[in-house]
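Undergrad: sequence isn't available, so here's the structure alone:
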């Protein structure tokens, strides 16, 4: 567990950020943003989630968007699925990579995916197997890994059980998501040490929300524990529709700046990302949570 | 250098925050906020800065405010002075404690106090000696200790020279201020190790701005280096009038929450502080940078 020399920032703004905006972002603007984010050095971009368009109209253009993505062979565009239908839609749209995601919180899983935790565990396995059979690269994530606003503490064994299931299903990597921003430095460290001990042979990354202001503090802890990939969203967009006052993801540009300040390479030009954020902030007509985009 | 069991949060919002608001906060509301902040467990509250009221009209009521402070013997109310005139005004107002402050950046010092760095060093000594002779408790701070937007890097020797001067002048403690939010985890750690080596017999604290999103990350680094007092401002108010997009101080409630999450005692009820922030945010008619106050 030592600070890595390089880390990968996985841009999730076009999914986790765009899905929550009351003002729906047109497909053309999404494509412009995605193209500019890729040009800023981001190699992994989550472009959409394949969920029920009636429940999340912001993502209703997912299939169309994917068909119109720029040709950039060095960039992995990927989607998010919460059930088998989503995986199938992602595959039909032509995506080669999918993140399958379940929640470690029973209450959150029921609200977010309509599944109990036990059913979500089976659905996770199902999704991974369908995607793999279709020849897609499969990554996985576990939501509410550091606590849940409905259930409070989440037992580490639930998170580890999900990780073991995903390992057995052959996913390429696993992201532990602090969906409602309840993670703290000791909790993040404890979890990562537990994974280290469990020795799952599965790269583990972090998806951090800044709901309580600890997003980048937790990222720095993750870094010191050797984590080498982090989900981030331009401008710190995103949040949780179920948590009042919930704040977004750690901001891509701010995280890239932190990493660079700590001597860690990301390959991301944070000023270029900040410029995307300014464009989006102007379109949305409001400030976004990130800091650095305000400085230009 | 180990994580302390207890740390002191020094509330600077009524000075560093209130001084920048275009909508001037009435003395009565300032007093209400100060009283409620004290009741939330904060033992050190910087209530005003004694600067030229024509340049900073937000602080024009400093003398009146001090005379009307609540009687709370367990709380230290103190002021800020940038020159001898300010120290004298603070003393005349009846304050028993003053922070005397100089900038380690020549360019910033000229803009902020109308003094070169060399003159500021002499003025710092002069202020400390006048205040001590008047029987006041004197603390000191060095602004731009971690860099300056005008000068870039600030040599560590300037900061150490100022610290040696203040030590010789007998101040009770020294705060290193990251005025324009340029501090990074390695820079903060380097500086604190340097002070540790210099062995000045002077307690050293941090005053951190969140301009680039690293405020709490740097606070956590300071904590790990044994720092036991931190300036904070309710709601993350504050900023620097000379820096476009400058963000405020680390938020009192968010810092108290971080400390508590790290097992460090502050004695501060962050929910009570968050409630002050909500009151102020309503008065100002805008969101403040802090995170936790949005959650109630």
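TA: Done, it's in. All of these numbers come straight from a predicted model, not from anything done at the bench.

Undergrad: drop to CA atoms for contacts and neighbour counts, all remaining ones
TA: OK.

Undergrad: and residue A:180, what pLDDT?
TA: Residue A:180 carries a pLDDT score of 87 in this model.

Undergrad: again, but for the one 10 residues further on
TA: Reported pLDDT at residue A:190 in the predicted model: 97.

Undergrad: buried set for the strand or helix carrying it?
TA: Residue A:190 belongs to helix A:185-198 when assigned by DSSP states H and E. Within helix A:185-198, the residues scored as buried using 16 or more other CA atoms under 10 Å in any protein chain shown are A:185, A:187-189, A:191-192, A:195-196.

Undergrad: just these that are near chain B?
TA: residue A:185 (CA under 8 Å from any CA of the partner chain).

Undergrad: pick out the most distant pair among the buried residues of helix A:185-198.
TA: A:185 and A:196 (16.4 Å; CA to CA).

Undergrad: give me the pLDDT for the residue of the stretch 1-150 of chain A found nearest chain B.
TA: Residue of the stretch 1-150 of chain A nearest chain B, by CA to the nearest CA: residue A:149 (11.5 Å). pLDDT for residue A:149: 87.

Undergrad: is whatever helix or strand residue A:230 lives in positioned near chain B?
TA: Using DSSP H and E, residue A:230 falls within strand A:229-232. No: under the criterion of CA under 8 Å from any CA, chain B is not reached by strand A:229-232; the shortest gap measures 13.8 Å.

Undergrad: can you name every helix or strand that the helix or strand that that strand is followed by contacts?
TA: Heading C-terminal from strand A:229-232, the first helix or strand you meet, by DSSP H and E, is helix A:252-261. Applying 3 or more CA pairs under 8 Å, 6 or more residues apart in numbering or on different chains; DSSP states H and E, one finds that helix A:252-261 contacts strand A:8-11, helix A:270-284.

Undergrad: distance to residue B:60 and mean pLDDT for these - can I get that in CSV?
TA: Formatted as CSV, the helices and strands packed on helix A:252-261 follow (distance: least, CA to CA, whole Å; pLDDT from 0 to 100):
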stretch, distance to residue B:60, mean pLDDT
strand A:8-11, 47, 98
helix A:270-284, 36, 97
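
Undergrad: deepest-packed of those, please.
TA: strand A:8-11 (a mean of 23; mean count of other CA atoms under 10 Å in any protein chain shown).

Undergrad: can you tell me the strand partners of that one and which way each runs?
TA: strand A:44-49 (parallel), strand A:229-232 (parallel) (DSSP bridges).

Undergrad: the helix or strand just after it packs against which elements?
TA: Elements were assigned by DSSP H and E; along the chain past strand A:8-11, the next helix or strand is helix A:27-39. If contacts are counted by 3+ CA pairs under 8 Å, 6+ apart, helix A:27-39 sits against strand A:44-49, helix A:270-284.

Undergrad: so which bits of the stretch 101-250 of chain A are right by chain B?
TA: Checking the stretch 101-250 of chain A against chain B by CA under 8 Å from any CA, the hits are A:184-186, A:210-214, A:216-217, A:220, A:244-247.

Undergrad: quick one: least confident helix or strand in chain A?
TA: Ranking every helix and strand in chain A by mean pLDDT, DSSP states H and E puts helix A:106-113 at the bottom, with a mean of 91.

Undergrad: re earlier: and the helices and strands packed on helix A:252-261 as TSV, adding distance to residue B:200?
TA: Formatted as TSV, the helices and strands packed on helix A:252-261 follow (distance: least, CA to CA, whole Å):
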stretch	distance to residue B:200
strand A:8-11	42
helix A:270-284	39
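
Undergrad: closest to residue B:275 out of these?
TA: Smallest distance to residue B:275 across the helices and strands packed on helix A:252-261 (CA to CA): 28.3 Å, for helix A:270-284.

Undergrad: what ranges of the stretch 1-150 of chain A fall below the confidence cut-off?
TA: Applying pLDDT under 70 to the stretch 1-150 of chain A flags residues A:1.

Undergrad: number of nearby residues for residue A:168?
TA: Neighbour count of residue A:168, defined by other CA atoms under 10 Å in any protein chain shown: 13.

Undergrad: now residue A:135
TA: Residue A:135, neighbours per other CA under 10 Å, totals 12.

Undergrad: skipping its backbone neighbours, what lies nearest it in space?
TA: Computed as CA to CA, 6 or more residues apart in numbering or on different chains, the closest residue to residue A:135 that is not its neighbour in sequence is residue A:96, at 7.6 Å.

Undergrad: ok, residue A:127 next?
TA: Going by CA to CA, 6+ apart, residue A:127 has residue A:84 as its nearest residue, at 5.1 Å.

Undergrad: what's the answer for residue A:287, then?
TA: Going by CA to CA, 6+ apart, residue A:287 has residue A:281 as its nearest residue, at 5.8 Å.

Undergrad: contacts for stretch A:42-49?
TA: A:8-15, A:34, A:38, A:59, A:62, A:66, A:74-81, A:86, A:267-268 (CA atoms under 8 Å, 6 or more residues apart in numbering or on different chains).

Undergrad: what's the longest helix in chain A?
TA: Taking DSSP state H as the criterion, chain A has its longest helix at helix A:117-133.

Undergrad: how far out from the middle of the chain is the very next helix or strand once past that one?
TA: The C-terminal neighbour of helix A:117-133 among helices and strands, as given by DSSP H and E, is strand A:137-143. Computed by CA atoms, centre = their mean, to the nearest Å, the chain-centroid distance of strand A:137-143 equals 9 Å.
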